[in-house]
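Enquirer: One predicted model, sequence on top.
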Amino acid sequence: MFGGPGHPVAATIKDGDSVGDFAAVALPGHTPGQLGFWHEQSRTLRVQAGIANPDDSLRAGMSFQVTMKFPGDTYPAVSPLAIQGGTDGAFVWVLGPEDKDLVVMWHRFSYSHEGTSHEIHASLVVVGQDQVHTAMARTVGLPIAMACKLVFNNGINDRGVLLPLKPGIYLPVLDELERIGVVFHER
């Protein structure tokens, strides 16, 4: 409930009107007069909907999925983070049917122990198998999945945002990675 005096309506917004960087878009068929707001630069349509909940089955904190179907052609959605920049303009890197990706890592650790300088070199080379079983998936996605498995199986009891700096987190993941051939070589 809002307190205070009422205020007269200064203006109404209709299909096609501009509201800042957004354009009002009529959304007929749900609620009379419902509008969405289109932001051309980000290609984002902001909408709000009311969902009937007569059985009180939807509760605060619950999630559900909404599928929206629009008339016309469909196009793939590309995360802005996947867009690369080159001398010929923007592009998205895609593996062809016969392509494989490659992950190469090299670390040099320099340290001093009892007055003597030491250096350790650690290197990793992982070649992807195909378009789906990529080196990036093996070196980024699989370690995350392995850590999730530890959480689900009560192998990690800490809660919250965790850095993989505790042996109880990184050792089981490194052991599992070694079993599938993802391992650093030191010299």
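Expert: That came in fine, so what should we check first?
Enquirer: measure the nearest residue to Asp101 once chain neighbours are set aside to Val183 for me?
Expert: Spatial nearest neighbour of Asp101, chain neighbours left out: Gly128 (4.2 Å); criterion: Cβ to Cβ, 6 or more residues apart in numbering. No exception for glycine: its C-beta is placed from N, CA and C like everyone else's. In this view, Gly128 and Val183 are 16 Å apart by Cβ to Cβ, to the nearest Å.
Enquirer: Please identify which of the two sits among more neighbours.
Expert: More crowded of Gly128 and Val183, by other Cβ atoms under 10 Å: Gly128, with 19 against 14.
Enquirer: The residue nearest to Asp101 reaches Lys100, doesn't it?
Expert: Yes: counting by Cβ atoms under 8 Å, Lys100 is a contact partner of Gly128 at 4.4 Å.
Enquirer: Give me the common contacts of these two.
Expert: 134-135 (Cβ atoms under 8 Å, 6 or more residues apart in numbering).
Enquirer: What residue spans form the domains of the chain?
Expert: What automatic domain parsing lists as the domains of the chain is 9-47, 102-186.
Enquirer: And the last one, end to end?
Expert: Its first and final residues considered, domain 102-186 spans 19 Å by Cα to Cα, to the nearest Å.
Enquirer: so how many other residues sit close to Phe152?
Expert: Phe152: 9 neighbours (other Cβ under 10 Å).
Enquirer: Against Leu177, how distant is it?
Expert: 18 Å.
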